[in-house]
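J.: Below are the sequence and a predicted model; questions follow.
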Amino acid sequence: MASGKRAGAIWCVRPIWCEASRGCGVEALGSPRDALVRSLGLECTLPAPKPCQWGWRYGQIDPHEHCVLVIGAFDGVHRGHQDLIRQGALQARELGVPLVILTFDPDPSAVLGTPEPQLLLTQDRFRQLWALGPQELRVCAFTEKLAALSPEEFLDRAVFGDGLSPCLVCVGEGFALGAQGKGTVPYLSSLGKARGFRLLAQPLLSLEGAPVSATRIRQEIASGDTLKAARLLGRRPFVRGTVMRGRGQGTSFGFPTANLMCAPGTALPASGVFAGFGVLDGSAWPAAINVGEPPTFKSQGLQSSQGFLEATLLGFSQDIYGDSMAIVLYERLRPSRPFDSFEELVATVRTNMDQVRERYGEGPLKLISPVR
Ligand SMILES: Cc1cc2nc3c(=O)[nH]c(=O)nc-3n(C[C@H](O)[C@H](O)[C@H](O)COP(=O)(O)O)c2cc1C
Ligand SMILES: Nc1ncnc2c1ncn2[C@@H]1O[C@H](COP(=O)(O)OP(=O)(O)OP(=O)(O)O)[C@@H](O)[C@H]1O
């Protein structure tokens with residue numbers, strides 16, 4: 001296994017909107033409603049998974065039918081990933097064969113002992129990949145056994161040995177797979193000669209002066225630059241979590257907040273106040289959001305845990321304790337800070353709510369279907 005830091009090393013790891021998001025910013029996602037639908041991957045439904053020898057698949061091509069195979073962990077399904085998959089789709093169309101995306105679950109970094117904060121939960125990653133239009137999405141269960149396979153063993157067992165016969169394999173420049181990261185581009189290229197496939201190494205998509213990578217996007221999110229993260233992702237970043245009980249003071253302050261505990265390992269800003277949307281039951285509510293422990297109430301309960309945020313949804317008043325909710329992070333409004341008085345805190349949060357209202361209105365935007 002190669003080191004977890006190696007760029008593109010996998011072991012060390014219906015395209016409606018792809019075209020629109022190429023070469024321009026997130027505004028290309030269209031209306032606020034369309035942008036939310038696309039950011040959350042609600043425009044498509046994943047088919048039921050079917051088991052295969054090394055994992056499972058969504059959709060199916062004929063066993064050993066020639067195909068174009070695009071391989072990667074694809075955390076975030078960012079614009080570099082989209083570019084690579086779009087290239088695979090073009091090649092597949094020219095060759096008259098289906099497109100298969102091969103990915104891994106869990107993310108290889110989790111098994112290799114170098115877990116990275118995740119830009120997408122697994123099902124969201126699969127949905128974003130499926131939205132790019134492959135005929136099959138193949139998922140290899142990433143276990144220590146799989147991690148220990150050499151590139152030759154991986155190809156012979158988990159690819160050719162599990163019903164896939166690619167005539168073209170597409171990866172990013174600098175990609176490597178297999179134990180010790182041995183399966184570099186030149187290495188895979190020569191293995192392909194013996195196995196009847198060509199290897200296409202796609203130059204990395206660069207935006208705003210550097211290659212797009214999950215690591216770079218994680219850094220932008222951690223620093224609170226959710227707008228830049230959105231430009232690199234080609235969609236708005238969002239997180240999911242469960243609504244928990246808080247101190248119960250928000251209602252008395254005049255802004256009830258949904259306290260959200262996100263899944264462990266979710267990529268979140270360190271702290272800060274953001275404008276965005278809360279998405280529940282297929283509707284999106286403009287929201288003012290505080291990420292992280294509120295500095296005025298340090299260490300007074302669940303807020304001290306990592307992965308915590310709270311959001312006041314404009315125009316919303318229902319009991320949603322225990323419900324799951326997605327929070328889509330638009331832009332950062334200000335840093336979180338301690339307040340000397342509740343009055344000052346309330347007045348400042350109200351100003352933030354007004355900022356959200358000015359930008360996104362109040363009350364729900366009905367999205368296509370309930371958040372799955
Ligand atoms: C938009 C928004 C901004 C906030 N900003 C801060 C802040 O800067 N400092 C702080 O200590 N708490 C901040 N909070 C957290 C509030 O103090 C907290 O929501 C309130 O005390 C209610 O907490 P409870 O839901 O646990 O009762 C913010 C909350 C929201 C919704
Ligand atoms: N900016 C990019 N442009 C084109 N292809 C890319 C880009 N970034 C990654 N890829 C390719 O996409 C596939 C999936 O990448 P993977 O998630 O496995 O790891 P990675 O290369 O480390 O990417 P990242 O750091 O963005 O997660 C790989 O074939 C990889 O080389």
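T.: Received, thanks. Predicted model only: the values in this text are computed from it and were never measured. Ligands and ions are numbered 1, 2, ... in the order given.

J.: counting contacts, what elements does whichever helix or strand Val70 is part of pack onto?
T.: Using DSSP states H and E, the element containing Val70 is strand 66-71. For strand 66-71, the elements it packs on are helix 79-95, strand 99-105, strand 165-172, judged by 3 or more Cβ pairs under 8 Å, 6 or more residues apart in numbering; DSSP states H and E. (Glycine included, C-beta is placed from N, CA and C.)

J.: could the ones you listed go into TSV alongside distance to ligand 2, mean neighbour count and mean pLDDT?
T.: Below are these laid out as TSV (distance: least, Cβ to the nearest ligand atom, whole Å; neighbours: other Cβ atoms under 10 Å; pLDDT from 0 to 100):
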stretch	distance to ligand 2	mean neighbour count	mean pLDDT
helix 79-95	2	21	98
strand 99-105	8	25	98
strand 165-172	2	23	98
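
J.: Compare these and give me the one nearest Lys50.
T.: With Cβ to Cβ, the closest approach to Lys50 among these belongs to strand 99-105: 13.8 Å.

J.: what's the angle from that closest one to strand 66-71?
T.: Angle, strand 99-105 to strand 66-71, by axes from the mean of the first three to the mean of the last three Cα atoms, to 10 degrees: 40 degrees.

J.: export strand 99-105 as CSV, just CAs?
T.: C-alpha atoms of strand 99-105 as CSV (Å, rounded to 0.1, in the frame of the first residue of the first chain):
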residue,chain,number,x,y,z
LEU,A,99,-19.4,3.0,-18.9
VAL,A,100,-18.7,1.4,-15.5
ILE,A,101,-17.5,3.4,-12.5
LEU,A,102,-15.6,1.3,-9.9
THR,A,103,-15.3,2.7,-6.4
PHE,A,104,-14.6,1.5,-2.9
ASP,A,105,-16.4,1.4,0.4
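
J.: Quick check: neighbours of that strand in the sheet, parallel or antiparallel?
T.: Strand 99-105 pairs in its sheet with strand 66-71 (parallel), strand 136-141 (parallel), by DSSP bridges.

J.: Low-confidence regions, the chain specifically.
T.: Counting by pLDDT under 70, the chain shows low-confidence ranges at 1-25, 299-305, 369-372.

J.: if we can go back for a sec, of all the helices and strands packed on strand 66-71, which one comes closest to ligand 1?
T.: helix 79-95 (29.4 Å; Cβ to the nearest ligand atom).

J.: which strands and helices sit next to that closest one?
T.: Applying 3+ Cβ pairs under 8 Å, 6+ apart, one finds that helix 79-95 contacts helix 18-21, strand 66-71, strand 99-105, strand 165-172, strand 198-202.

J.: picking that back up, would CSV of the strands paired with strand 99-105 with distance to Asp340 and mean neighbour count be doable?
T.: Putting the strands paired with strand 99-105 into CSV (distance: least, Cβ to Cβ, whole Å; neighbours: other Cβ atoms under 10 Å) gives the following:
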stretch, distance to Asp340, mean neighbour count
strand 66-71, 55, 26
strand 136-141, 52, 22
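
J.: Let me know which of those is the nearest to ligand 2.
T.: Ligand 2 lies closest, by Cβ to the nearest ligand atom, to one member of the strands paired with strand 99-105: strand 66-71, at 5.8 Å.

J.: Could you tell me how far the strand holding Val70 lies from the centre of the chain?
T.: Centroid displacement of strand 66-71 relative to its chain, using Cα atoms, centre = their mean, to the nearest Å, is 22 Å.
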